[in-house]
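> Need a 3D model of the sequence below.
(one chain, ligands or ions: 1)
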Amino acid sequence: MNAVRFENQTLLYLDQRYLPAKEVWRECTTLHQGIQAIKELHVRGAPLIGIFACYTLCVALECFPGDKKGFFHQFDKAICSLKNSRPTAVNLAWALERVWRKARSFEQQPVSEIKHAMREESKQIHAEDALLCQKIARNGTSIVHKGACILTHCNTGFLATGGEGTALGIIYKAHRDRKKITVYVDETRPLLQGARLTAWELMKQKVPCMLITDNMAASIMRKRLIDMVIVGADRIARNGDTANKIGTYSLAVLARSHKIPFYVAAPFSTFDLSLKSGDDIPIEQRDPDEVRKAGGSIPLAPEDVPVYNPAFDITPGRLITAIITDKGVISPPYGRSIKKCLFSDV
Ligand code: MRU
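Next up, the predicted model:
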């Protein structure tokens, strides 16, 4: 299953706003549509928005009629707008910069060759992400024991990546390995990625799961129903501080208090080694109506009540038991281990 497809230079995506009720596929043909799809979460999840942004760039520039100078002018402007569409997940900027470097390396070639190189690089990023998911799943095998009850937050599966997922990739592999796991799924207020997307994915893959509201986590941990927490990440600073969906930090605090291991799963492209700590990670603030209304229309609160709506929070590295990456499992102290793992040739 793939939530984004690029075939015959046509960009199609599964519009995640309609899940789980309907599977609606849409085509993206312009830069504006691509940016809107990312901002409004038709397409979401750190690795997937990077992949989708690269394809958007390809379709947006495909029909550009001008000369090479004009092409690169449009190209740089488009990259800048796409990068700014969501600020927290570093995978977005990382993927776009890769396509930018590839296009620049073809600078001396005709525009048609540059466009071809951009398409190939975008497809390569997509294919590589699927492999990164497989490697994360393999590296995460040892943390999941038989019969484990795993709590997860938000959505980190094939609706969020170019493959099977990060945290969910580990979960799918444990299920395939017949470990008889059960997944507790946080509904993930306010946009319900857990309830709408993760529960949908898990049911489709026949993984035993139980949906809970976010405020039930403490209680089920106290009842010893949870053996471990596994979540994804949008950006990881070089000290291990991790930005992920709002509510992740509370789970990490609760896990520590109940002596439950708390794992983050992410590919190397989610690390931002230019940042010293989580304090430097930009946190996206979203529309207050996401909190005030259900499904964009049903009032849940007074119409004009002031709302605080950050999309992500920062979990300090000291609360993270280990980070499962495509390159291996990284343990604290992260100040040293992250660099060592990411720059080794494992
Ligand atoms: O706002 P979203 O739905 O894009 O947030 C997604 C998350 O927070 C995921 O946990 C994260 O991107 C990791 S996806 C492998």
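
> tell me the domain ranges of the chain?
Taking automatic domain parsing as the reference, the chain has its domains at 4-134, 139-342.

> Reformat those into CSV and put mean neighbour count and mean pLDDT next to each item.
Any C-beta I mention is one placed from the backbone N, CA and C, and that applies to glycine too. CSV is the format used below for the domains of the chain (neighbours: other C-beta atoms under 10 Å; pLDDT from 0 to 100):
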stretch, mean neighbour count, mean pLDDT
domain 4-134, 18, 96
domain 139-342, 20, 98
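
> mind listing the helices for the stretch 51-200 of the chain?
Remark: helices assigned in the stretch 51-200 of the chain by DSSP state H, counting those that start in this stretch are 68-83, 90-105, 111-139, 167-176, 199-204.

> same thing with the stretch 201-346 of the chain?
Applying DSSP H, counting those that start in this stretch to the stretch 201-346 of the chain gives helices spanning 217-222, 248-257, 289-292, 334-342.

> So for residue 278, which of the ones you listed sits nearest?
Between residue 278 and those, the tightest spacing by C-beta to C-beta is seen for helix 248-257, at 9.6 Å.

> helices or strands up against that closest one?
Under the contact definition 3 or more C-beta pairs under 8 Å, 6 or more residues apart in numbering; DSSP states H and E, helix 248-257 sits against helix 217-222, strand 228-231, strand 262-265, strand 312-315.

> can these go into a markdown table with extra columns for distance to residue 47?
Formatted as a markdown table, the helices and strands packed on helix 248-257 follow (distance: least, C-beta to C-beta, whole Å):
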| stretch | distance to residue 47 |
| --- | --- |
| helix 217-222 | 25 |
| strand 228-231 | 14 |
| strand 262-265 | 11 |
| strand 312-315 | 15 |
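
> Would you agree residue 153 is in contact with residue 249?
No. Contact status for residue 153 versus residue 249: not in contact, 10.2 Å apart, counting by C-beta atoms under 8 Å.

> Nearest to residue 205 among the helices and strands packed on helix 248-257 would be which one?
Nearest of the helices and strands packed on helix 248-257 (C-beta to C-beta): strand 228-231, 15.7 Å.

> Could you check how far the closest one is from the centre of its chain?
Centroid separation for strand 228-231 versus its chain: 15 Å, with C-alpha atoms, centre = their mean, to the nearest Å.

> now what about stretch 93-107, what contacts it?
Stretch 93-107 is contacted from outside by 50-51, 53-54, 57, 68, 72, 75-76, 79, 82-83, 113-114, 117-118, 120-122, 125, 269, using C-beta atoms under 8 Å, 6 or more residues apart in numbering.
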